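# Would you be able to build a 3D model of this:
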Amino acid sequence: MTDVIDQLFSVDGKVTVITGGSRGIGKMFAKGFAMAGAKVYIVARKEAAVTATAQELSELGTCIPLTGDLGSKAGADAVAAEIASRESKVDVLINNAGAIWQAPLEDYPDSAWDKLWNINVKGVFYLTVALLPQLRAAASPVSPARVINLGSVDADQVPSWETYAYAASKAGVHMLTRHLGHQLAAEHITVNGIVPGPFQSNMTTGVLDTEGPREELLSRVALGREGTWEDAAGVAIFLASRAGSFLTGALIPMDGGMSTHH
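Below you'll find the model as predicted:
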């Protein structure tokens, strides 16, 4: 019985690509998949950071660094081409790379909208499309290929901070996830979204590391704490395993209950 359950949640040997994998939630995903026996590629803009993370996680499993900028179609195509030169198939693509921008309403810059839309939405779309040949090669009715996109609780409730372009772009990710999930289902490629609440990352450092803002944020979390790497990895591994193969177009709250009260 134990073997059956282990197989149900196994990602052993799966070729997994994780963008924004050098830090934050992306690193949490990478740690879990590496420990679970997947062959993990992590992608980030900064070579030193992604190399250091890959070296750290290689002590736990297989983790390979790739440098790339997903803020343009050319950048996404270049990352996909590099992956295609190494792998004939990709079992799991986790579109985690993202950016945030906070500024007062009347000072909110046009550049913020361009940057966040390019990275948070277009980057997800372009990399997924560019890797379709590898995803199709991995896909079968019994074991679909998986795409997992990172949304945000800020897409579904008005944030406490002035992050207009971020919240709007993540709402776009949620609809893009559902749209792609519908479109690619016939090809045995599932597309689901994870909707995280507070986790330690560069985006949340100023909040979670400051007593007042931390208390205010966690007061909105029903479970009263921030997420851990085990919380993040567990949800992603579920979606990537046999256990999650009948889900597509779903958005899974990973927020400690933030979405239960607005």
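# which residues touch Leu132?
Listed by Cβ atoms under 8 Å, 6 or more residues apart in numbering, the contact set of Leu132 reads Ile189. C-beta coordinates here come from the backbone N, C-alpha and C atoms, glycine included.
# Excluding chain neighbours, give the residue nearest to Ala81 in space.
Ala130 (7.7 Å; Cβ to Cβ, 6 or more residues apart in numbering).
# Could you measure from the one you found over to Gly75?
10 Å (Cβ to Cβ, to the nearest Å).
# before we move on, back to that, in this structure the residue nearest to Ala81 contacts Ala80, no?
Yes - if you go by Cβ atoms under 8 Å, Ala130 and Ala80 touch, sitting 3.4 Å apart.
# out of the two, which sits in the more crowded spot?
Ala80 (23 against 18; other Cβ atoms under 10 Å).
# would you list every one of the helices in this protein?
With helices called from DSSP state H, the chain shows them at 2-8, 24-35, 47-57, 73-86, 110-116, 123-130, 132-138, 164-184, 205-208, 211-218, 229-240.
# Please identify the deepest-packed of these.
By mean neighbour count, with neighbours taken as mean count of other Cβ atoms under 10 Å, helix 24-35 ranks first of the helices of the chain at a mean of 25.
# Give me the contacts around that one.
In contact with helix 24-35 (Cβ under 8 Å, 6+ apart) are residues 11, 14, 16, 18-21, 40, 42, 44, 53, 57-58, 60-63, 92, 94, 96-97, 150, 196, 199-203, 228-230, 232-234, 236-237, 240.
# pLDDT on it, on average?
Average pLDDT, helix 24-35: 97.
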